[in-house]
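[1] Got a predicted structure plus its sequence, pasted below:
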Amino acid sequence: MLRRCVNVITLGAAGVMLAGCLFHHAEQIAPSPTVPLRARWNGTLESPQSLAGAVQIHGKSWMGPVTATDSSRTAVSITITNATAGGVHPWAVRQGQCGTDQGPFGAALSYPLLKIDGDGTASARLTLTEPTPSTGQYYVYVLASPSNTGTIIACGNLAEPLHQ
């Protein structure tokens with residue numbers, strides 16, 4: 001009986017430790033604690049329907065103030081997956097929505113090229129000198145290549161932050 005109780009206690013302690021590890025891992029949501037989630041413009045990128053079967057890129061992007069107290073500049077982040085390894089793609093935040101471009105947000109040369117790793121992923125982060133917008137419409141696009149800037153291979157509208 002004592003051995004059975006010890007086994008139950010051991011299993012219970014292991015369960016509590018496992019739950020603690022899982023809970024702790026779940027707290028690591030924000031890739032940058034200096035840019036509060038509530039202040040970010042967030043978007044999901046997908047390939048246009050016209051490229052179905054040829055390209056199926058997925059991704060996420062956000063923009064927001066550089067820190068919780070500094071919205072005089074804008075931090076921008078992008079991550080894409082399922083792209084062709086070795087590819088190089090220009091990208092940028094634009095004003096408007098996917099399909100209704102209303103001009104650039106920040107200088108085009110500010111955005112580093114996305115260089116696709118062997119596993120089909122790429123990410124980039126930068127800081128623009130433009131203040132973080134509080135209203136408007138913005139989107140992120142990824143272009144086919146530096147020599148083919150007329151083809152958008154992924155696009156995503158950015159949703160306004162919940163709280164400014």
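    Received the coordinates, thanks. Numbering: from 1, shown residues only.

[2] what's the helix or strand for residue 119?
    Assigned by DSSP states H and E, residue 119 belongs to no helix or strand.

[3] distance of it from residue 86?
    With distances taken as Cβ to Cβ, to the nearest Å, residue 119 is found 11 Å from residue 86. All C-beta spots, glycine's among them, are computed from the backbone N, C-alpha and C.

[4] State the distance from residue 95 to residue 60.
    Distance from residue 95 to residue 60, by Cβ to Cβ: 20 Å.

[5] how's this structure carved up into domains?
    Per the record, the chain has its domains at 1-30, 37-158, by automatic domain parsing.

[6] Check which residues of the strand or helix carrying residue 151 are buried.
    Per DSSP H and E, residue 151 falls inside strand 148-158. The neighbour-count check on strand 148-158 (16 or more other Cβ atoms under 10 Å) flags 152, 153, 154, 155, 156, 157, 158 as buried.

[7] likewise stretch 73-90?
    Quick answer for stretch 73-90 (16+ other Cβ under 10 Å): 74, 75, 76, 77, 78, 79, 80, 81, 83, 87, 89, 90.
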